[in-house]
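Engineer: quick one, structure for this:
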Amino acid sequence: MLSGEPRYRIDQLQRAVYRESATDFEQILTLPTSLRSALTHRFRFESLDSVRTEISSDGTRKALFRTADGAPVETVEMPTERAGATTICLSSQAGCGMGCTFCATGAMGLTRNLTGSEIVDQFLHFRRRSEAKRMPDRAVFMGMGEPLANLREVKSAVRLLVDPLAVGLSPRRVTVSTVGLPRGIHAMAGWGLPVSLAISLHAPDDRVRAELVPVARRFPLDTLMDASRRFQRQARRRVTYEYTLLDGVNDSPAQAADLARLLRGQRCHLNLIPFNVYPGARFRPTPRAGIRAFRDGLRARGIRATVRRTRGRDISGACGQLHAGALAGR
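Structural biologist: Below is the predicted model:
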């Protein structure tokens with residue numbers, strides 16, 4: 001790429017691409033004019049084209065991108081409890097092929113996997129445009145798509161995100177989420193990186209879970225729990241379970257008791273997620289009192305459970321709402 005250039009030019013380029021606020025090669029003033037011009041003519045600085053950004057009343061920002069071949073991708077930046085820090089919710093696919101019945105992305109179907117560079121560029125888009133007082137320092141693979149169905153590119157993206165010479169995040173500030181693909185969970189356990197794993201559970205029994213997460217018909221809870229426990233042992237990391245509460249579907253006291261039995265003895269934490277309604281949704285959110293009762297029933301049985309704070313709902317940027325609506329005529 002930089003044939004004939006001294007090694008330090010590569011270091012300058014890498015530092016500018018991953019760490020600085022430049023948005024095109026011409027802004028990398030540490031490089032000579034001739035080299036900047038050559039790079040501009042031969043390469044794209046960013047692999048995604050920004051279509052638009054929406055800003056929520058709570059400070060959440062959602063960006064809609066197009067890939068070079070026109071596939072729609074949405075990414076969300078969320079303020080965190082730490083002052084000045086934000087979390088980037090990354091997409092690993094354009095659309096999703098898992099078909100979860102409570103998720104707007106699942107209704108889109110799968111367009112294609114994203115490349116590692118397209119995944120990392122979502123994070124860099126926000127870093128390059130952030131103010132000093134609002135800097136992304138955490139990445140979660142909880143946007144569009146199933147990360148472990150795109151395992152090779154997600155692994156490549158994770159390595160760039162945690163590489164001290166690239167994006168430079170702490171591995172403990174990167175979380176990969178999955179609907180529960182055991183083979184991918186086993187692979188993650190062997191990465192040798194202390195990244196976090198989140199598993200979308202959503203029901204304590206196979207019948208209800210298969211109605212909500214169709215892939216669960218292939219991977220029953222016994223198989224999924226075996227994979228999760230193996231990850232906890234091999235990676236020496238706590239697993240987070242995600243549980244979206246749906247009124248009258250998976251939120252009864254008996255289901256809270258079943259869930260506590262399922263998770264007993266594991267090194268885990270449970271996130272309870274209020275359902276975020278979207279156009280055409282089949283379900284209703286559990287009322288707040290029901291959410292508190294479900295949480296308290298779990299805590300009484302020794303399960304660490306918290307209710308996730310909803311962000312970005314007014315811009316369809318909350319969990320389960322991403323659907324790239326602008327490219328569908330919105």
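
Engineer: please give me every residue in contact with the nearest residue in space to Arg282 that is not next to it in sequence.
Structural biologist: In this structure, Arg282 finds its nearest non-sequential neighbour in Thr101, 6.3 Å apart by C-beta to C-beta, 6 or more residues apart in numbering. Every C-beta, even on glycine, is put in place using the N, C-alpha and C of the backbone. Contacts for Thr101 (C-beta atoms under 8 Å, 6 or more residues apart in numbering) come out as Glu211, Leu212, Val213, Pro214, Arg282, Phe283.

Engineer: go again using 7 Å as the cut-off
Structural biologist: Glu211, Leu212, Arg282 (C-beta atoms under 7 Å, 6 or more residues apart in numbering).

Engineer: in three-state terms, label it for me.
Structural biologist: coil (DSSP: H, G, I helix; E, B strand; the rest coil).

Engineer: show the pLDDT at it.
Structural biologist: At Thr101, the pLDDT value in this model is 93.

Engineer: the one 3 residues further on too?
Structural biologist: Each residue has a pLDDT score; the one for Ala104 is 89.

Engineer: number of nearby residues for it?
Structural biologist: 22 (other C-beta atoms under 10 Å).

Engineer: what of Ala289?
Structural biologist: 8.

Engineer: quick one: low-confidence ranges for the chain?
Structural biologist: Within the chain, the stretches with pLDDT under 70 are 1-3, 132-133, 318, 324-330.

Engineer: all strands of it, in order?
Structural biologist: All strands of the chain, identified by DSSP state E, fall at 48-55, 61-67, 72-79, 85-89, 93-95, 110-113, 135-141, 174-178, 196-200, 239-245, 268-274, 305-307.

Engineer: ok, which of those strands comes nearest Ala22?
Structural biologist: Ala22 sits nearest to strand 48-55 of all the strands of the chain, at 15.2 Å, using C-beta to C-beta.

Engineer: thought Ile291 was touching Phe275?
Structural biologist: No. In this structure Ile291 lies outside contact range of Phe275 using C-beta atoms under 7 Å: 9.8 Å.

Engineer: anything in contact with each of these two?
Structural biologist: In contact with both Ile291 and Phe275: Leu245, using C-beta under 7 Å, 6+ apart.

Engineer: pick out whichever of these two has more residues nearby.
Structural biologist: Higher neighbour count among Ile291 and Phe275: Phe275, with 22 against 18, using other C-beta under 10 Å.

Engineer: ok, for Ala187, nearest residue in space, not its chain neighbours?
Structural biologist: Leu151 (5.9 Å).

Engineer: which residues does the nearest residue to Phe294 once chain neighbours are set aside contact?
Structural biologist: Spatial nearest neighbour of Phe294, excluding adjacent residues (C-beta to C-beta, 6+ apart): Ala256 at 5.1 Å. Ala256 makes contact with Phe294, Gly297, Leu298, according to C-beta under 7 Å, 6+ apart.

Engineer: ok, Ala210 next?
Structural biologist: Here Ala210 is in contact with Ala216, Arg217 (C-beta under 7 Å, 6+ apart).

Engineer: go again with 10 Å.
Structural biologist: Ala203, Ala216, Arg217, Arg218, Phe219, Pro220, Leu221 (C-beta atoms under 10 Å, 6 or more residues apart in numbering).

Engineer: next: Ala257.
Structural biologist: Ala257 touches Pro204, Gly297, Leu298, Ala300, Arg301, counting by C-beta under 10 Å, 6+ apart.
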